[in-house]
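Engineer: Any chance you could fold what I've pasted below:
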Amino acid sequence: MTAFQSVAVIGAGAWGTALAMVAARAGRSVTLWARNAEHATRIASTRDNPRLPGVRLAPEIVVTSELALAARADMLLIATPAQHLRGAVNMLASHIARPTPVVACAKGIEHGTHKFMTEVIAEAAQHAQPAILSGPSFADDVARGLPTAVTLAAKEEELASSLVQALGSPTFRPYHSTDVRGVEIGGAAKNVLAIAAGIVVGRNLGASALAALTTRGFSELARLGRACGARPETLSGLSGLGDLLLSCSTAQSRNFALGIALGRGEAAPAGKLAEGAFTAPVLVELAAARNVDMPVSQAVAAILDNKLTIDAAIEGLLTRPFKAEE
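Structural biologist: Now for the predicted structure:
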C-alpha cells in the first residue's frame, strides 16, 4: 500500500481539476484548493468547473479555499502556472511542518532567476521534497479518463516510485525517474518549440517543413539537456520527445495554437495561457549561459518580443551554414 493516502491539488484551473480526478481514480483522499472562495464554492456545489466544461467532478473530491486544510495532505500537487509557482509554495511553506512531497505540475523556467520548478520549490519551502510531473497530456483527456502516460521525477528513487504508485491507475500511467533536470528541460523547451511548429502550420509551409522543424527543435532540446546533465533516455522519452510531438501536432496545445495565430497574422487566442511565451526568453538566456546553440528557440523569442518578423526568422533559419546532422 502506498504511503501517500491523501493528495491536495493546489490550483483549481483545468489542469488542477484534471489532476484531482486522477488522484480520486487512484483511490486517494483528494482536496482541490482554489484561491478564490467563490470559485471554490461554485465547484463544490455544482461539481463542475467552468474552466473544464463537460467534466463532472468526482463526488469524493473536497473543494476548498482554505490553504491550511489542503496542506494537511500527504502529498501536494502544484497546478499553478510556472511563473506563479514560487508564490503558491511560499503560501504553503508555513503550513508544512514535516517532509512532504511537493510536485510541480507546470512546465517552465522562472523569470529572473533561471530556476527550474524543483529548485523554486526547494528554495520556497524548507520541508518540501521537490518533484516534477511532466509528459504528453491534455487536461480534458486526463479528466475524462482517456489513456495517458507521463513521467514523474524526484531525486530519490524510492520517493519517485512511491509517488507513481499513489497516482497511477488503469487510465493514467506515470513512469518514475530520478532525472529531474531532464524531465524539467523536456517540459519547458517543448512549449517554445510548439509555438515554432504552430507558426509553420499557420504560414502554410507544408508537412515537410513541420517535420524538419520538429526534428531540429528536438535536437536543440537535447543539446541543452546534455549541457545541463540530463540523461538521453529521458529526453527521448515521454517528458521530452513524446511531449514535443503531441504539442506540435494538435490545436489542443495552447502553445501550438498561439503559433498558428502568429503564423496567420492573427491575435493570440483569447483567455488561453501559453506557457511557451513566458518560457522562450528565459530558455534562450539559459542556453546562452551554457553556450548552447538554439536557433529555433531564439527565433521564437525574437518573434514574440517583436524584434524579428516571421519572414525574417524563416529566411535566417534557411540561410544558416550547412552542417552535419546532430
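Engineer: Model confidence score at residue 266, please.
Structural biologist: Here the pLDDT value assigned to residue 266 is 92.
Engineer: ok, it - contacts?
Structural biologist: Residue 266 makes contacts with residue 202, as judged by C-beta atoms under 8 Å, 6 or more residues apart in numbering. Yep, even glycine has a C-beta here, placed from its N, CA and C like the rest.
Engineer: just the one 10 residues further on next, same as before
Structural biologist: When the contact criterion is C-beta under 8 Å, 6+ apart, the partners of residue 276 are 191, 192, 193, 194, 195, 255, 258, 300.
Engineer: ditto for residue 190
Structural biologist: Counting by C-beta under 8 Å, 6+ apart, residue 190 makes contact with 107, 221, 240, 243, 244, 247, 248.
Engineer: Most widely separated two among those?
Structural biologist: By the measure C-beta to C-beta, 107 and 248 form the most distant pair in those, at 14.3 Å.
Engineer: on that earlier part again, just name the lowest-scoring one in the contacts of residue 190, pLDDT-wise.
Structural biologist: Note: of these, the lowest pLDDT belongs to residue 248, at 88.
Engineer: For residue 214, see how far away that one is.
Structural biologist: Taking C-beta to C-beta, to the nearest Å as the measure, residue 248 and residue 214 are separated by 5 Å.
Engineer: What separation is there between the residue nearest the centre of the chain and residue 319?
Structural biologist: Nearest to the mean C-alpha position of the chain, by C-alpha atoms, centre = their mean, lies residue 107 at 2.9 Å. Shown here: residue 107 relative to residue 319, a distance of 32 Å by C-beta to C-beta.
Engineer: With residue 138 instead?
Structural biologist: From residue 138 over to residue 319 the distance is 36 Å, taken as C-beta to C-beta.
Engineer: hey, where'd the strands end up in the stretch 1-150 of the chain?
Structural biologist: Defined through DSSP state E, counting those that start in this stretch, the strands belonging to the stretch 1-150 of the chain, from first to last, are 6-10, 29-33, 62-64, 75-78, 100-104, 128-134, 148-154.
Engineer: Which of those strands sits closest to residue 309?
Structural biologist: When those are compared by C-beta to C-beta, strand 128-134 sits nearest residue 309, at 32.3 Å.
Engineer: for that closest one, packing partners?
Structural biologist: For strand 128-134, the helices and strands in contact under the criterion 3 or more C-beta pairs under 8 Å, 6 or more residues apart in numbering; DSSP states H and E are strand 100-104, helix 117-124, strand 148-154, helix 157-167, helix 180-202.
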